[in-house]
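1. sequence unavailable; structure follows:
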């Protein structure tokens with residue numbers, strides 16, 4: 001019935017959109033209750049609505065187009081949150097790390113595929129397919145977890161950028177693997193020239209063209225025009241790169257980089273994000289639609305085996321690539337656990353391979369099953385990637401292997417066994433560094449536990465009392481005399497690792513006062529139950545800071561503000577944790593009924609304009625006092641009786657809200 005109605009108004013794709021969004025809403029609602037990532041929900045929706053499921057969606061081509069727009073918008077947003085300076089800072093990771101990951105994956109996969117019975121050209125093409133990872137899934141998850149700008153996040157992004165670039169030569173080589181004669185060398189030369197041209201255009205646009213254009217558009221204060229200009233820039237650059245034979249995604253990323261160099265990148269990101277979320281959902285649905293569940297169950301054992309083999313190959317090659325650019329094993333493992341899946345560009349490349357008869361129907365279905373399975377488990381593994389990496393590094397290995405895992409250059413710290421009443425700092429990020437500086441200044445003895453080998457090596461050479469190790473390990477805790485410490489501060493961002501450390505310390509001793517920094521409110525209760533004495537959530541501290549500034553604008557005395565914040569903290573943020581109905585905490589201060597504001601004079605004549613203040617009677621009529629006037633860049637603080645208010649003045653006034661409102665109506669254009 002729905003199909004008939006939509007067809008009658010000549011919108012056949014509308015029924016597909018309704019089915020997709022309607023079904024996705026129900027599926028994700030159930031998945032959220034089961035705490036399953038929404039990405040899996042979209043994949044499941046695609047499998048359910050696709051040709052191998054209930055066949056609810058007919059216009060699969062339309063869905064693919066919408067999904068491509070989602071990928072373009074994702075890369076566009078990533079580019080806006082990045083910058084050219086940041087990209088140049090990781091050029092080594094992009095070109096060396098990325099190329100090694102791709103080359104090693106192709107080499108290892110080709111050899112294994114050849115021994116499994118494939119022809120050499122097909123084996124190499126399978127290597128092409130497995131060398132690429134999912135930019136859409138990985139970057140979305142990194143954004144949601146706030147990990148894009150970490151060392152491992154930036155390295156992951158660098159390798160993904162290279163993969164998006166290398167898709168072009170891989171597509172050029174595909175016809176040659178199929179036996180079709182084509183001058184690939186000349187094509188690659190032209191591609192390099194086109195790439196250099198695009199990069200030059202990006203640099204010029206980022207420095208001169210786009211900032212000036214966006215400035216003129218922003219001056220109009222027309223939000224519709226601003227949004228339209230941002231979308232045009234995104235798709236224009238993407239279209240240009242596609243005309244040159246490069247990928248749309250790469251063009252979108254470059255467009256984002258161009259805007260990132262302007263002052264309007266954050267505002268533009270906020271405008272684009274809702275569109276990105278809608279269109280990106282189509283991408284995950286379109287991937288799920290390719291999933292033939294009956295083929296999966298009919299060949300479940302070989303598919304699971306090949307999926308595991310794919311994971312191992314990509315994990316090993318990514319680890320080698322990251323280690324080769326000088327990063328430690330922990331970062332290498334974290335990156336490897338991020339990009340082990342088969343990517344969306346691989347699906348595009350696979351279609352090219354099918355058209356050139358490099359893949360038969362059965363091999364193609366095997367590839368699709370492996371691709372979707374690796375994509376489906378990505379959210380779960382990426383969420384635990386740091387814990388798993390630390391677990392691997394803490395395996396009981398022979399001393400020779402332990403040295404190979406990056407610790408041979410870390411000077412061993414001999415902790416004074418008589419050390420007592422000291423501070424143990426766990427995690428040497430920004431909070432840990434600031435805490436150590438404060439402890440040093442106050443002459444409080446302290447020792448630091450850190451899991452980043454590079455940081456430990458660098459800081460130990462500077463004389464910092466720092467050791468490498470997992471603070472949940474009894475041996476490490478014994479080494480820092482945890483049972484004699486007065487305070488232990490856990491300042492790391494990994495929630496699960498924090499819980500393990502609290503449990504480890506309390507299993508070892510009840511002595512130190514444990515202070516924990518967390519990111520979210522819902523982590524407080526678990527940490528307190530495990531034995532933490534005080535938990536400082538960033539969310540609450542941000543709320544306190546915001547409200548402190550609000551109170552200062554209400555002219556509340558500083559002493560009363562400090563008393564309030566101390567009261568909130570001393571009760572473990574109880575006021576914030578209670579529901580609105582239960583909250584009965586009252587701020588025992590009186591709000592003054594006066595305010596201090598700046599009002600711009602937009603009229604050249606009026607009751608109070610161009611008249612001496614002694615004659616205007618502003619104070620007598622409105623109860624408003626003028627304390628300063630800013631005129632032509634200069635601030636007048638000595639207000640004389642014959643001073644006049646003029647057009648363009650910024651007048652600083654203090655008074656009751658009703659008086660200020662009345663004065664504003666007299667001098668501003670309403």
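-> Sure thing, it's come through. For clarity, every value in this text was computed on a predicted model and none was experimentally measured. Numbering: from 1, shown residues only.

2. ok, residue 362 to residue 476 distance?
-> Counting by CB to CB, to the nearest Å, the gap from residue 362 to residue 476 is 52 Å. Every residue, glycine included, has its C-beta placed from N, CA and C.

3. looking at these two, which has the bigger crowd around it?
-> Taking other CB atoms under 10 Å, residue 362 and residue 476 do not tie; residue 476 has more neighbours (19 against 10).

4. which intervals of the stretch 201-350 of the chain have sub-threshold pLDDT?
-> The stretch 201-350 of the chain contains residues with pLDDT under 70 at 247, 263, 266.

5. rerun at 90
-> Within the stretch 201-350 of the chain, the segments meeting pLDDT under 90 span 201-298, 323-332, 334, 342-350.

6. all helices of it, in order?
-> Assigned by DSSP state H, counting those that start in this stretch, the helices in the stretch 201-350 of the chain fall at 210-219, 223-243, 248-260, 265-289, 293-298, 300-324, 329-336, 344-355.

7. so which of the ones you listed gets nearest residue 438?
-> Nearest to residue 438 among the helices of the stretch 201-350 of the chain is helix 329-336 (27.3 Å), distances taken as CB to CB.

8. stretch 437-446 spans what distance, first to last residue?
-> 10 Å (CA to CA, to the nearest Å).

9. swap in stretch 92-101?
-> First-to-last residue span, stretch 92-101, CA to CA: 13 Å.

10. in that stretch, what counts as buried?
-> 93, 94, 96, 97, 98, 100, 101 (16 or more other CB atoms under 10 Å).

11. how far away is the residue nearest the centre of the chain from residue 155?
-> Taking CA atoms, centre = their mean as the criterion, residue 143 is the residue nearest the geometric centre of the chain, at 2.1 Å. According to CB to CB, residue 143 stands 16 Å off from residue 155.

12. residue 276: neighbouring residues, count only.
-> For residue 276, using other CB under 10 Å, the count is 21.

13. using a markdown table, lay out the buried residues of stretch 92-101 together with distance to residue 138 and pLDDT.
-> Shown next, in a markdown table, are the buried residues of stretch 92-101 (distance: CB to CB, whole Å; pLDDT from 0 to 100):
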| residue | distance to residue 138 | pLDDT |
| --- | --- | --- |
| 93 | 15 | 81 |
| 94 | 15 | 81 |
| 96 | 20 | 88 |
| 97 | 15 | 88 |
| 98 | 14 | 88 |
| 100 | 18 | 92 |
| 101 | 13 | 93 |
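
14. closest to residue 611 among those?
-> For the buried residues of stretch 92-101, the nearest to residue 611 is residue 94 (65.7 Å; CB to CB).

15. dihedrals phi and psi, that closest one?
-> Per-residue torsions, residue 94: phi -70, psi -60 (degrees, to the nearest 10).

16. just give the nearest non-adjacent residue to it, would you?
-> residue 158 (4.3 Å; CB to CB, 6 or more residues apart in numbering).

17. try residue 151
-> In space, residue 151 is closest to residue 331, 5.6 Å off (CB to CB, 6+ apart).

18. quick check: that neighbour vs residue 455, distance?
-> Taking CB to CB, one finds residue 331 at 11 Å from residue 455.

19. Three-state assignment for residue 652, please.
-> Recorded secondary structure, residue 652: strand (DSSP: H, G, I helix; E, B strand; the rest coil).

20. I'd say it and residue 628 touch.
-> Yes: proximity of residue 652 to residue 628 meets the contact threshold set by CB atoms under 8 Å, at 4.1 Å.

21. quick one: which of the helices of the stretch 201-350 of the chain is nearest residue 109?
-> Per CB to CB, nearest to residue 109 of the helices of the stretch 201-350 of the chain: helix 300-324, 5.8 Å.

22. got the angle between the closest one and helix 329-336?
-> 140 degrees (axes from the mean of the first three to the mean of the last three CA atoms, to 10 degrees).

23. relative to helix 344-355, how tilted is the helix or strand harbouring residue 371?
-> Residue 371 is part of helix 361-383 when elements are defined by DSSP states H and E. Interaxial angle, helix 361-383 versus helix 344-355 (the same axes, to 10 degrees): 170 degrees.

24. now do helix 361-383: distance to the chain's middle.
-> Here helix 361-383 is found 23 Å from its chain centre; the criterion is CA atoms, centre = their mean, to the nearest Å.

25. got the buried residues for the helix ranked longest in the chain?
-> Criterion DSSP state H: the longest helix present in the chain is helix 151-177. Of the residues in helix 151-177, 151-168, 170-175, 177 count as buried by neighbour count, 16+ other CB under 10 Å.

26. any idea how this structure splits into domains?
-> 18-390, 406-532, 595-667 (automatic domain parsing).

27. could I get these as a markdown table with distance to residue 564?
-> Supplementary listing: the domains of the chain in a markdown table, determined by distance: least, CB to CB, whole Å:
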| stretch | distance to residue 564 |
| --- | --- |
| domain 18-390 | 30 |
| domain 406-532 | 19 |
| domain 595-667 | 20 |
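
28. looking at those domains, which is closest to residue 566?
-> Per CB to CB, nearest to residue 566 of the domains of the chain: domain 406-532, 16.2 Å.

29. tell me the average confidence for the closest one?
-> Average pLDDT, domain 406-532: 80.

30. would you map the strands across the stretch 451-600 of the chain?
-> 466-468, 487-490, 513-518, 534-537, 595-600 (DSSP state E, counting those that start in this stretch).
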